[in-house]
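[1] Sharing a model that was predicted from the sequence below.
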Amino acid sequence: MVLLRTTDENWRQHLLELDEVREGIGLRAYGGTDPLVEFKREAHRLFQEMIVRSEEEAMRFLLNPRLSVRTEAAEGRPAPPRMPASPVAPSSITSTTAAPAQSSRTSTSGAKPAPAVGRNDPCPCGSGKKYKHCHGR
């Protein structure tokens with residue numbers, strides 16, 4: 001598991017480094033060298049560094065064990081019961097659930113129609129686009 005985890009992390013880092021090299025490799029053509037040859041050379045060097053880094057991290061992890069301290073719950077003793085930090089009041093639950101239900105009833109009954117949005121007005125969703133280019137399609 002240690003080898004797999006360290007290799008996976010270093011492989012991901014290697015792929016990110018290759019993306020950075022790929023972005024800047026075109027500038028080497030101005031220097032008079034073949035970009036493909038330079039990319040292959042740089043990618044091989046980075047791969048060798050990744051292998052060495054993976055081996056070093058795996059060995060460092062395996063040779064430096066970490067001690068863990070057992071808690072009372074892990075030893076089989078029952079843990080003390082915990083009380084919630086802040087109990088929820090039943091009135092706050094009913095007030096939050098009742099408000100959306102009332103607003104949906106008023107919108108379906110047709111008492112107040114929603115204000116009309118013009119085609120060239122900003123979209124109410126907050127995207128910054130005009131309504132005709134956002135939700136007006």
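    That came through, no problem.
[2] who's in contact with residue 61?
    2, 6 (C-beta atoms under 8 Å, 6 or more residues apart in numbering). Bear in mind the C-beta positions are built from the backbone N, C-alpha and C, glycine included.
[3] pretty sure residue 14 contacts residue 50?
    Yes. The criterion here is C-beta atoms under 8 Å, and residue 14 meets it with residue 50 at 4.4 Å.
[4] And residue 56, how far from residue 49?
    10 Å (C-beta to C-beta, to the nearest Å).
[5] So what's the residue count around residue 17?
    16 (other C-beta atoms under 10 Å).
[6] I'd guessed it sits against residue 46; true?
    Yes. Using C-beta under 8 Å, residue 17 is in contact with residue 46, at 5.4 Å.
[7] Hmm, residue 131 and residue 125 touching each other?
    No. Residue 125 is beyond contact range of residue 131, at 9.1 Å (criterion: C-beta under 8 Å).
[8] For stretch 40-58, C-alpha coordinates in CSV please.
    Extracted in CSV, the C-alpha atoms of stretch 40-58 (Å, rounded to 0.1, in the frame of the first residue of the first chain):
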residue,chain,number,x,y,z
LYS,A,40,11.8,13.8,-24.9
ARG,A,41,15.1,14.7,-23.1
GLU,A,42,13.3,16.8,-20.4
ALA,A,43,10.5,14.2,-20.0
HIS,A,44,13.1,11.4,-19.5
ARG,A,45,15.0,13.4,-16.9
LEU,A,46,11.7,14.2,-15.0
PHE,A,47,10.7,10.5,-15.1
GLN,A,48,14.1,9.4,-13.6
GLU,A,49,13.7,12.0,-10.9
MET,A,50,10.1,10.8,-10.2
ILE,A,51,11.4,7.2,-9.8
VAL,A,52,14.1,8.3,-7.3
ARG,A,53,11.7,10.5,-5.4
SER,A,54,9.2,7.6,-5.1
GLU,A,55,11.8,5.2,-3.8
GLU,A,56,13.1,7.8,-1.3
GLU,A,57,9.6,8.6,0.0
ALA,A,58,8.6,4.9,0.3
